[in-house]
Structure formats: structure tokens, C-alpha cells
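Asker: Any chance you can model this:
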Amino acid sequence: MNKQMYSIGEVAELNNISIQTLRYYDKIGLFAPAFIDPVSNYRYYHEKQFFYLDIIKYLKYIDTPLSQIKELITQDAVQMLPFLEEQAHIMDKKISQLQEAKKMIHHRYLQIKEQNSLANRPQGQVYTRFVEEQNQLHLSTTDLTPRGNPDVYMRDLANLLETKEDRVVGNFYGCVYELKDYQDTDQIVYSSIYTSLIGDEQLSDKPTPEITKKHIPKGIYVCICFKWSVSQYLQYYKTFYEYIINNNMLTEGPVYEVSLPNRYSSYEEDDFITELRIKVKEND
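Answerer: Here you go, the predicted model:
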């Protein structure tokens with residue numbers, strides 16, 4: 001055997017590739033051995049093939065499908081230019097998606113930390129706490145109350161982010177309404193529902209009259225938290241409202257109702273922890 005020829009085991013070791021992969025490449029006609037012993041059926045590769053195997057490994061490294069690699073290696077080098085330009089564009093998009101995903105992970109991490117903090121607070125008792133500033137995407141509503149289901153409304157916000165912005169909506173939403181002396185749960189009508197945006201995002205489409213981007217300022221908020229319950233919602237709200245009135249607290253902006261899930265399975269009964277909050281007005 002010519003010393004320039006190498007067995008499949010030697011090729012695998014020298015090129016950091018498995019024997020199984022080389023056999024598969026041969027099977028699909030992507031990279032065949034230079035010689036197959038008719039007696040032993042052993043595969044042998046010429047050392048000049050290592051260069052072309054490196055091309056295949058490079059294309060595989062940049063996530064090129066094997067079927068496309070088969071097509072590319074039959075073309076001239078100059079014909080690979082538009083392919084590489086397209087791959088660079090795809091990678092830029094993937095990098096952007098990964099950066100967005102990393103932001104979402106951090107954002108969700110902070111939400112769960114906040115949720116754990118709420119879970120450890122006495123339920124149904126009023127307190128004040130600092131809330132960080134937020135960027136939110138709001139959808140105006142006119143007939144939604146705590147007895148209703150905002151999930152369908154949320155689809156409008158999700159569609160804007162998922163189809164036009166190439167993002168996914170977070171598994172978090174809230175509702176907004178005025179601070180008033182309500183006597184019945186049905187009197188509480190949300191002016192909008194919202195989801196939080198990550199960072200100071202610029203939407204590619206201008207917001208519609210129904211969907212607007214809002215900046216919620218940081219500051220001290222008076223709050224109450226409780227396990228979500230339609231039947232007890234008004235009771236918790238009244239405790240919250242009367243505390244503000246009885247303590248002559250000056251507030252600004254609307255009431256924010258924030259609900260976070262304690263479980264993630266759709267097959268179990270809903271289990272949310274809810275916080276009502278409104279910003280305390282700062283002294284001039």
C-alpha cells in the first residue's frame with residue numbers, strides 16, 4: 001500500500017472526525033475513499049483528500065446541511081461567495097436572536113425573584129416597595145374586568161412582537177385601571193392590558209391607537225399581593241384603596257395589576273400570585 005494512503009481509522013484520528021461519520025459520508029456520496037480493498041473491503045484515503053475534508057468540516061461547522069454541502073463542493077470557489085454572504089446574514093440574525101434570548105432569560109430571572117419575594121409577603125396586607133422602571137406595550141381595552149379573560153386580548157400584543165418584530169412575548173402580562181371607590185368587581189374595567197418590553201426597544205412599526213408603548217417610572221409604590229381569586233378580588237382591592245385614603249397618601253398614575261404564574265402546566269388549575277400597585281407621588 002502506498003504510504004500516501006491512510007486507513008479510515010488513521011484518517012479519523014488525524015482529522016478529528018469519527019469513523020462512523022466517515023462511513024456515513026461515503027454512504028451518502030459526500031466524501032468517498034480513494035480506494036477500497038476488494039478483498040478486505042477496507043477503505044483507504046489519499047492524503048490529498050484531507051484538504052477537501054477540511055472544507056466539508058468547515059461547512060458543517062457553520063451549520064450547512066449535508067445536502068447543501070454536496071452541492072457546494074461540486075461548484076467553483078467563486079460560486080461560494082453568495083452562499084457565504086447568505087450564511088453571514090443568517091448568523092447575524094441568529095446572534096441577534098441569541099442576544100434577545102439572553103435578555104429574556106435575565107428578565108424572566110428577575111421576574112421570578114420578584115415573584116418569590118411576593119410569595120413570602122403576608123397575603124392581603126398593604127406595603128410599600130421600590131419598583132424599577134419598565135418599558136411596556138399596552139393594548140387598550142373597554143369591556144374587560146377581573147371576571148374576564150385577558151388571554152385572547154394578549155394575542156394582539158403577541159402577534160405584533162412575534163410576526164413583525166421576530167420576538168416572542170414573555171409569559172407575563174398585567175392590567176391597568178383607575179384608582180376609584182369601586183363597589184362591585186364588575187365596575188373595575190381595565191383601560192389596557194400590557195406586557196413588559198425588554199430594554200428600550202424600538203418597534204419597527206409605529207404603534208396603533210390601540211397598541212402603544214409606555215414608559216413606567218421607577219419609584220416607591222404602595223402595593224398589596226394575594227393569590228388570584230375573582231371572588232375575593234374586590235375585598236383585596238378595598239383593603240388597598242382604604243389604606244391609601246385613610247393614610248392620606250398622594251398617588252399618581254393608574255393601578256397596575258400584575259399576575260405571575262406559580263405553575264406552568266395548562267393541565268392544572270390556575271395558580272397566580274397577583275400584586276396591585278400604584279406609584280406614590282414624589283414631593284416637588
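Asker: longest single helix anywhere in this structure?
Answerer: Secondary structure of the chain per DSSP state H: the longest helix is helix 81-119.
Asker: now the strands for the stretch 101-250 of the chain?
Answerer: In the stretch 101-250 of the chain, the segments counted as strands under DSSP state E, counting those that start in this stretch are 126-131, 134-140, 173-177, 192-197, 211-216, 219-227.
Asker: Those into CSV, with extra columns for mean neighbour count and mean pLDDT?
Answerer: C-beta coordinates here come from the backbone N, C-alpha and C atoms, glycine included. Shown next, in CSV, are those (neighbours: other C-beta atoms under 10 Å; pLDDT from 0 to 100):
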stretch, mean neighbour count, mean pLDDT
strand 126-131, 14, 94
strand 134-140, 19, 87
strand 173-177, 23, 90
strand 192-197, 22, 86
strand 211-216, 16, 86
strand 219-227, 19, 95
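Asker: Mind checking the ones you listed for the one nearest to residue 94?
Answerer: Taking C-beta to C-beta, strand 192-197 is the member of those nearest to residue 94, at 21.6 Å.
Asker: Tell me which residues are up against that closest one.
Answerer: 107, 134-141, 144, 150, 153-154, 157-158, 161, 169-170, 172-176, 213-214 (C-beta atoms under 8 Å, 6 or more residues apart in numbering).
Asker: Stretch 275-284 too?
Answerer: 118, 128, 131, 179, 217, 219-225, 236-237, 240, 244, 249-258.
Asker: which residues sit against the worst-scoring helix or strand of the chain on mean pLDDT?
Answerer: Sorting the helices and strands of the chain by mean pLDDT, DSSP states H and E puts helix 151-159 at the bottom, at a mean of 76. Contact with helix 151-159 is made by 137, 139, 141, 144, 168, 169, 173, 193, 194, 195, 210, 211, as judged by C-beta under 8 Å, 6+ apart.
Asker: surely residue 230 meets residue 188?
Answerer: No - counting by C-beta atoms under 8 Å, residue 230 does not reach residue 188; the two are 11.0 Å apart.
Asker: follow-up on the earlier one: which stretch among the strands of the stretch 101-250 of the chain comes nearest residue 41?
Answerer: strand 192-197 (61.9 Å).
Asker: ok so, going back, please identify which pair of the contacts of helix 151-159 lies farthest apart.
Answerer: 144 and 168 (23.0 Å).
Asker: The two: which is more packed in?
Answerer: residue 144 (20 against 13; other C-beta atoms under 10 Å).
Asker: Which residue is the nearest non-sequential neighbour of the more buried one?
Answerer: residue 190 (4.7 Å; C-beta to C-beta, 6 or more residues apart in numbering).
Asker: Please report phi then psi for the one you found.
Answerer: Main-chain dihedrals, residue 190, degrees, to the nearest 10: phi -70, psi 130.
Asker: quick one, what contacts it?
Answerer: Here residue 190 is in contact with 141, 144, 145, 150, 175, 176, 177, 257 (C-beta under 8 Å, 6+ apart).
Asker: measure it to residue 96 for me?
Answerer: 33 Å (C-beta to C-beta, to the nearest Å).
Asker: same thing with residue 117?
Answerer: 32 Å.
Asker: Then residue 88?
Answerer: Counting by C-beta to C-beta - residue 88 and residue 96 are separated by 13 Å.
Asker: do residue 68 as well
Answerer: In terms of C-beta to C-beta, residue 68 sits 23 Å off from residue 96.
Asker: packing partners for the longest helix of the chain?
Answerer: strand 251-261, strand 272-280 (3 or more C-beta pairs under 8 Å, 6 or more residues apart in numbering; DSSP states H and E).
Asker: Buried residues, it. List them.
Answerer: 83, 100, 111, 114, 115, 118 (16 or more other C-beta atoms under 10 Å).
Asker: Mind putting those residues into a markdown table with pLDDT?
Answerer: Formatted as a markdown table, those follow (pLDDT from 0 to 100):
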| residue | pLDDT |
| --- | --- |
| 83 | 90 |
| 100 | 79 |
| 111 | 74 |
| 114 | 79 |
| 115 | 76 |
| 118 | 80 |
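Asker: quick check, nearest of those residues to residue 52?
Answerer: Nearest member of the buried residues of helix 81-119 to residue 52, counting by C-beta to C-beta, is residue 83, at 16.8 Å.
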